[in-house]
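Engineer: sequence unknown, structure follows:
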């Protein structure tokens with residue numbers, strides 16, 4: 001199951017997260033690969049969190065290369081049955097500022 005340390009069920013709590021829109025990893029965030037996934041450090045908030053699976057790391061890193069969140073999840077090879085869990089995790093990452101809407105200029 002996809003998990004970010006504070007993702008919870010934040011999709012419902014964050015109306016700004018629309019997976020049909022383009023997103024990216026925030027420029028204020030550094031991802032450090034680990035065997036379990038990645039450490040996430042937000043330079044603005046000085047908050048440390050975790051991406052608990054390698055596929056979730058792949059999705060987050062791939063966001064900037066796809067037209068929307070759904071396409072990034074599909075490109076990472078996430079099974080259909082796991083996609084709702086990934087959307088919840090990504091909504092939590094959006095709420096915490098780890099990922100952000102990508103400008104569509």
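Structural biologist: Sure thing, it's come through. What you are looking at is a predicted structure, and each value in this text was computed from that prediction instead of being measured. Numbering: from 1, shown residues only.

Engineer: from the contact counts, what lies against the longest helix seen in the chain?
Structural biologist: Ranked by residue count and defined by DSSP state H, the top helix of the chain is helix 83-95. Contacting helix 83-95 under the criterion 3 or more Cβ pairs under 8 Å, 6 or more residues apart in numbering; DSSP states H and E are the following elements: helix 10-13, helix 54-62, helix 69-75, strand 99-101. Just so you know, the C-beta spots here come from the backbone N, C-alpha and C atoms, and that holds for glycine as well.

Engineer: would you mind measuring from residue 94 to residue 102?
Structural biologist: Going from residue 94 to residue 102 by Cβ to Cβ, to the nearest Å gives 11 Å.

Engineer: neighbour-wise, which of these two wins?
Structural biologist: A direct count of neighbours by other Cβ atoms under 10 Å for residue 94 and residue 102 places residue 94 higher, at 23 against 16.

Engineer: the more buried one and residue 81: what is the separation?
Structural biologist: 22 Å.

Engineer: re the thing from before, right, and the helices and strands packed on helix 83-95 - which one's nearest residue 36?
Structural biologist: Across the helices and strands packed on helix 83-95, residue 36 has its closest neighbour in helix 54-62 (7.8 Å, Cβ to Cβ).

Engineer: for the host helix or strand of residue 49, name the packing helices and strands.
Structural biologist: Element membership for residue 49 (DSSP states H and E) is strand 47-51. If contacts are counted by 3+ Cβ pairs under 8 Å, 6+ apart, strand 47-51 sits against strand 37-42.

Engineer: ok, the residue positioned nearest the centre of the chain to residue 46 distance?
Structural biologist: Per Cα atoms, centre = their mean, the C-alpha nearest to the average position across the chain is that of residue 90, at 3.8 Å. According to Cβ to Cβ, residue 90 and residue 46 sit 22 Å apart.

Engineer: OK, contacts around the closest residue in space to residue 55 that isn't next to it in sequence?
Structural biologist: In this structure, residue 55 finds its nearest non-sequential neighbour in residue 76, 5.4 Å apart by Cβ to Cβ, 6 or more residues apart in numbering. Counting by Cβ atoms under 8 Å, 6 or more residues apart in numbering, residue 76 touches 55, 58-59, 62.
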